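**Q** what's the 3D shape of this:
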Amino acid sequence: MPFRWSWLCGLALLVAAVGARAQLQIEITPGAQQRTPIAIAPFPGENAFATALTDIVRADLERSGVFRALELPPLNPPPTEASNVNFSEWRSRLADALVVGSVSNRPDGRYEVRFRLYDVVKQTPLGGVAYTMAKEQVRATAHRIADFVYEKLTGEKGVFSTRIAYVVKRGNRYELQIADADGAGEETALASFEPIISPAWSPDGRRLAYVSFENKKPVVYVHSLLDGKRQVAANFKGSNSAPAWSPDGKTLAVSLSREGGSQIFLISPDGSGIRRLTSSSAIDTEPRFSPDGQWIYFTSDRGGSPQIYRMPASGGEPQRVTFEGSYNVSPRLSPDGKTLAYITRNSGKFQVALQDLANKQVQIITDSDRDESPSFAPNGRMILLATVLGGRGLLSAVSSDGRVKQRLSVSAGDVREPAWGPFIE
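**A** Sure thing, here's the model as predicted:
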């Protein structure tokens, strides 16, 4: 989607998207080797594109950690969605599932992509779709195919068509980037010579709230991704930080120091209707709504060290949530509301921990030294984060069971503040 930006607040907001040449490297730990073998036959006609559709589909499914794409020899004749399937042949290739399809030219200059998915073990078709697309929609179409395959074979929605946001620092320039879930197709939504932090997606994926220091102080903005317009949501005396959306998109929880100290407030995205939620002498920050909108989780040092608390979203007495360790920050709720991800200090390392909110069990799922800003995928299966290596932040991801680890490096940039966007209907 093209972005249109303007000159705002006297600051040169740099518009040109910078190609970051993102490269994804997947690490699969030994515990994650039981993956479903899937054969994805090249689609006849896809050589019209610079990158083959099936290469993108294959990479998407591999990246999930659920599937293992099989290497296939040249197939003659190449199978299509209209071909009769010899299930015995595909079983001999050790495939449990099969994707076949084709690409054809349309008179209007666009392309028609057809594919079918088969369960090879049960020798049955699982469905197929035909898409009409322009040449520049190759990646988007491939992601939709991967989402279809993932959902049919796992019963859960795929996240390959979703987007991510993150901040890259290149020299003295900060860029708020938006990209596909695989890191490709990145565009610069906002650029500034002052820091940009805490991007947060609205539930409909059409807006981003973030904090910009362009006026030499932290101010919360709400930015439309449809027309590039933005408005100030919080610009009070002191610090304005850590915006988080309510599930209905009508309210932001923010951390403000307008009345002394850092406290949690609720405010409308247009800056109206402000209401204070916490009242303490401590630092209360990093609010996050639970998926059902009933609770707000936040970080506070009211007990002497940073820990995670929760309180009713309508206000009330906070309850402490984390008890293991002396430093637990950056709460993030899983989409089903059953798991809390956060950053914990573990033997001097800052790592991602998951706490089951029902039984209180805690599991550390990363093995790096300095992790920041965990963010759940909308299906809850992966967690996006920033990992600092050698003083430079890299995008990383880890599965919610800790078995699949990915690293997305952006050349010549320090990457921080990742946020995974929602499903787009």
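**Q** CA atoms for contacts and neighbours, from now on please.
**A** Fine.
**Q** count of residues packed around the nearest residue to Asp371 once chain neighbours are set aside?
**A** Distance criterion C-alpha to C-alpha, 6 or more residues apart in numbering; nearest residue to Asp371, sequence neighbours excluded, is Thr387 at 4.5 Å. Neighbourhood size, Thr387 [other C-alpha atoms under 10 Å]: 27.
**Q** Thr387: what's it in contact with?
**A** Listed by C-alpha atoms under 8 Å, 6 or more residues apart in numbering, the contact partners of Thr387 are Ser368, Asp369, Arg370, Asp371, Glu372, Gly393, Leu394, Leu395, Ser396.
**Q** Kindly give a single PyMOL line that selects the buried subset of those.
**A** Those of those that count as buried under 16 or more other C-alpha atoms under 10 Å are selected in PyMOL with:
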select buried, resi 370+371+372+393+394+395+396
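**Q** from the contacts of Thr387, which ones fall inside strands?
**A** With strands taken from DSSP state E, the overlap with the contacts of Thr387 comprises Asp371, Glu372, Gly393, Leu394, Leu395, Ser396.
**Q** one step back: between all of the contacts of Thr387, which two are separated the most?
**A** By the measure C-alpha to C-alpha, Asp369 and Leu395 form the most distant pair in the contacts of Thr387, at 14.0 Å.
**Q** Go through the helices and strands of the chain and name the one with the lowest mean pLDDT.
**A** Ranking every helix and strand in the chain by mean pLDDT, DSSP states H and E puts strand 23-28 at the bottom, with a mean of 49.
**Q** Grab the nearest non-local neighbour of Tyr342.
**A** Spatial nearest neighbour of Tyr342, excluding adjacent residues (C-alpha to C-alpha, 6+ apart): Pro331 at 4.7 Å.
**Q** State the paired neighbours of the helix or strand where the one you found lies in the sheet, together with their directions.
**A** Here Pro331, judged by DSSP states H and E, is contained in strand 328-333. Strand 328-333 pairs in its sheet with strand 339-346 (antiparallel), by DSSP bridges.
**Q** Please enumerate the helices of the protein.
**A** 53-63, 87-92, 138-154 (DSSP state H).
**Q** Mind putting those helices into JSON lines with distance to Ile283?
**A** Below are the helices of the chain laid out as JSON lines (distance: least, C-alpha to C-alpha, whole Å):
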{"stretch": "helix 53-63", "distance to Ile283": "39"}
{"stretch": "helix 87-92", "distance to Ile283": "60"}
{"stretch": "helix 138-154", "distance to Ile283": "42"}
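**Q** Tell me which of these sits nearest to Ser281.
**A** Smallest distance to Ser281 across the helices of the chain (C-alpha to C-alpha): 45.2 Å, for helix 53-63.
**Q** For that closest one, which residues meet the burial criterion?
**A** Leu53, Thr54, Ile56, Val57, Arg58, Ala59, Asp60, Leu61, Glu62, Arg63.
**Q** Quick check: closest non-adjacent residue to the first one.
**A** Right, Leu53. Ala142 (5.5 Å).
**Q** quick one: Ile424 from Asp60, how far?
**A** 18 Å (C-alpha to C-alpha, to the nearest Å).
**Q** What of Ile274?
**A** 42 Å.
**Q** What does the pLDDT read for Leu14?
**A** Per-residue pLDDT puts Leu14 at 34.
**Q** my guess is Gly421 contacts Arg206, does it?
**A** No - contact between Gly421 and Arg206 fails when scored by C-alpha atoms under 8 Å: they sit 9.6 Å apart.
**Q** the more surrounded of the two?
**A** The residue with more neighbours, out of Gly421 and Arg206, is Gly421; 28 against 15, by other C-alpha under 10 Å.
**Q** OK, contacts around that one?
**A** Thr162, Arg163, Ile164, Ala165, Trp201, Gly205, Ala377, Pro378.
**Q** Take those residues and keep only those in strands.
**A** Per DSSP E, the subset of the contacts of Gly421 in strands is Arg163, Ile164, Ala165, Trp201.
**Q** out of those residues, which is most surrounded?
**A** For the ones in strands among the contacts of Gly421, neighbours were counted using other C-alpha under 10 Å, and Ala165 has the most, 27 neighbours in all.
**Q** With adjacent residues omitted, what lies nearest to that one?
**A** Ile178 (4.5 Å).
**Q** residues contacting that neighbour?
**A** Arg163, Ile164, Ala165, Tyr166, Glu186, Glu187, Thr188, Ala189.
**Q** Quick one: which of those has the lowest pLDDT value?
**A** Glu186 (90).
**Q** Which strand residues bridge the residue nearest to that one when sequence neighbours are not counted?
**A** Leaving aside its sequence neighbours, Glu186 sits nearest to Ala179 (C-alpha to C-alpha, 6+ apart; 4.0 Å). Beta-bridge partners for Ala179, by DSSP bridges, are Ile164.
**Q** what number of residues lie near Ala179?
**A** If you count neighbours by other C-alpha under 10 Å, Ala179 ends up with 20.
**Q** ok now do it, which residues does it touch?
**A** Applying C-alpha under 8 Å, 6+ apart, we find Ala179 in contact with Arg163, Ile164, Ala165, Gly185, Glu186, Glu187.
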